[in-house]
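Colleague: All I have is the shape, not the residue letters:
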């Protein structure tokens, strides 16, 4: 059984040959553990695809999450200069803006014109006319991780998907064929809202004028739906809704029901209508809203941060929602980063396999992204453990 088949069965609550293994890697982890320069990984879709597949093969993961949209093939040709510095690679663009790509962390973009707004103003924005959002560099960078969107089809939310967005998907699928499960990612409408205004102001805006916030979320949902549906139709094996800021203490369960559920429901419905599984990534404290998350129509929940990062115990989550959705995660990525005791790493992963395995529907993974500086040997232990401890004895009726 190959990785694509293994994850497909787990997502359907059917028993594969063993528990699948698939971790989401921070982009900085690719910087640290592949031979490619950071600016190529960030801005060159073919190089990023090679990095994704290189580490998937090294760690023998059953799936790959593509967590950057594709780029135009000639995008880096527009750079005025690309210079290595002690902090990282610094790219200067024709308009004077700069992008700093640290050697072990996400890229950071700075606009040259300090008078130019990079986020929207809640008081003056008109929900019915969300034109020129592509002029707001902070929003575009936060959602699409690129300074501007070349060949954008129309003003306002991104409803028409530029063809280059699919470049990484195409490159990855060309490299892995049908052997590995390839997942796309889309940011939730609520994440769009947070990036549009900046995190602090976005949360304040929910309290100042909930009605206006809902009107804006309605429009921003169009962008989430468009990119999610497009990936589903383009042949990914699943779509992950990244909803990082919807856990506690960002939102109470009451606010989650009001400002997240109605809009993520539209995204999940669009993906499911395209015939592709959809699951949700929410960081932090979600133990108090696991059943509430199911109201969005999601088919799986990712991260399940354990204490002290979050408040989700895998055994409780398995009992509470494990028969309704597949679950992925719960390994503590911070403890894995700092603990260099091989026996501890094995015991930590073993406990998750033994709790998550019964009845299927579990994918072994770190709760959130694998940090840039995680020692690779720790991840190299996971698949052999799943092969040893995560097998299902009788799968004859499941395939």
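Modeller: Great, that's in hand. Computed from a predicted structure; not experimentally measured.
Colleague: from here on, contacts and neighbour counts on C-alpha atoms
Modeller: Will do.
Colleague: residue boundaries of the helices in the stretch 251-399 of the chain?
Modeller: Secondary structure of the stretch 251-399 of the chain (DSSP state H, counting those that start in this stretch): helices located at 253-259, 261-273, 290-294, 314-321, 333-338, 342-356, 376-380, 382-389.
Colleague: Report the secondary structure state of residue 184.
Modeller: For residue 184, the assignment made with DSSP: H, G, I helix; E, B strand; the rest coil gives strand.
Colleague: Report the separation between the residue nearest to residue 72 when sequence neighbours are not counted and residue 150.
Modeller: The shortest distance from residue 72 to any residue other than its chain neighbours is 5.2 Å, reached at residue 164 (Cα to Cα, 6 or more residues apart in numbering). To residue 150, residue 164 is 9 Å away according to Cα to Cα, to the nearest Å.
Colleague: Kindly report the same for residue 337.
Modeller: Going from residue 337 to residue 150 by Cα to Cα gives 38 Å.
Colleague: what do you get for residue 142?
Modeller: Distance from residue 142 to residue 150, by Cα to Cα: 16 Å.
Colleague: on that earlier part again, find residues that contact each of residue 164 and residue 150.
Modeller: Residues touching both residue 164 and residue 150 (Cα atoms under 8 Å, 6 or more residues apart in numbering) are residue 72.
Colleague: neighbour count winner among the two?
Modeller: A count of neighbours by other Cα atoms under 10 Å puts residue 164 above the other of residue 164 and residue 150, at 17 against 13.
Colleague: part of a helix, is that one?
Modeller: Yes. With three-state DSSP as the criterion, residue 164 is part of a helix.
Colleague: ok, it - contacts?
Modeller: Counting by Cα under 8 Å, 6+ apart, residue 164 has contacts 70-73.
Colleague: how about a cut-off of 7 Å?
Modeller: Applying Cα atoms under 7 Å, 6 or more residues apart in numbering to residue 164 gives the contacts 70-72.
Colleague: Going by distance to residue 349, which of these wins?
Modeller: Checking these against residue 349 by Cα to Cα gives residue 70 as the nearest, at 33.0 Å.
Colleague: And the closest one, how far from residue 134?
Modeller: Separation of residue 70 from residue 134 (Cα to Cα) stands at 17 Å.
Colleague: ok, now residue 192?
Modeller: For residue 192, the distance to residue 134 equals 13 Å [Cα to Cα].
Colleague: now for the lengthiest helix in the chain, which elements pack on it?
Modeller: Determined from DSSP state H, the single longest helix within the chain is helix 210-233. When contacts are defined as 3 or more Cα pairs under 7 Å, 6 or more residues apart in numbering; DSSP states H and E, helix 210-233 packs onto strand 181-187, helix 189-197, helix 261-273.
Colleague: please redo it, this time with the cut-off set to 10 Å
Modeller: Here helix 210-233 touches strand 181-187, helix 189-197, helix 199-208, strand 238-242, helix 253-259, helix 261-273, going by 3 or more Cα pairs under 10 Å, 6 or more residues apart in numbering; DSSP states H and E.
Colleague: could those go into a markdown table alongside mean neighbour count and distance to residue 95?
Modeller: Shown next, in a markdown table, are the helices and strands packed on helix 210-233 (neighbours: other Cα atoms under 10 Å; distance: least, Cα to Cα, whole Å):
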| stretch | mean neighbour count | distance to residue 95 |
| --- | --- | --- |
| strand 181-187 | 25 | 28 |
| helix 189-197 | 24 | 22 |
| helix 199-208 | 15 | 27 |
| strand 238-242 | 25 | 31 |
| helix 253-259 | 16 | 37 |
| helix 261-273 | 21 | 35 |
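Colleague: Take the ones you listed and lay them out in JSON lines including mean pLDDT.
Modeller: Output for the helices and strands packed on helix 210-233, formatted as JSON lines (pLDDT from 0 to 100):
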{"stretch": "strand 181-187", "mean pLDDT": "98"}
{"stretch": "helix 189-197", "mean pLDDT": "98"}
{"stretch": "helix 199-208", "mean pLDDT": "97"}
{"stretch": "strand 238-242", "mean pLDDT": "98"}
{"stretch": "helix 253-259", "mean pLDDT": "98"}
{"stretch": "helix 261-273", "mean pLDDT": "98"}
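Colleague: I'd like those written out as CSV, with distance to residue 20 added.
Modeller: Below are the helices and strands packed on helix 210-233 laid out as CSV (distance: least, Cα to Cα, whole Å):
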stretch, distance to residue 20
strand 181-187, 10
helix 189-197, 28
helix 199-208, 35
strand 238-242, 15
helix 253-259, 30
helix 261-273, 22
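Colleague: between these, which one is nearest to residue 376?
Modeller: Across the helices and strands packed on helix 210-233, residue 376 has its closest neighbour in strand 181-187 (21.2 Å, Cα to Cα).
Colleague: Report the distance from the closest one to the chain centre.
Modeller: In this view, strand 181-187 has its centroid 7 Å away from the chain centroid, taken as Cα atoms, centre = their mean, to the nearest Å.
Colleague: Could you do stretch 354-365 as well?
Modeller: Its chain's C-alpha centre and that of stretch 354-365 lie 21 Å apart, by Cα atoms, centre = their mean.
Colleague: got it, and stretch 185-198?
Modeller: 12 Å.
Colleague: Break down the stretch 1-150 of the chain into its helices, ranges please.
Modeller: So, for the stretch 1-150 of the chain - with DSSP H, counting those that start in this stretch - the helices run 3-11, 27-33, 38-43, 45-59, 137-144.
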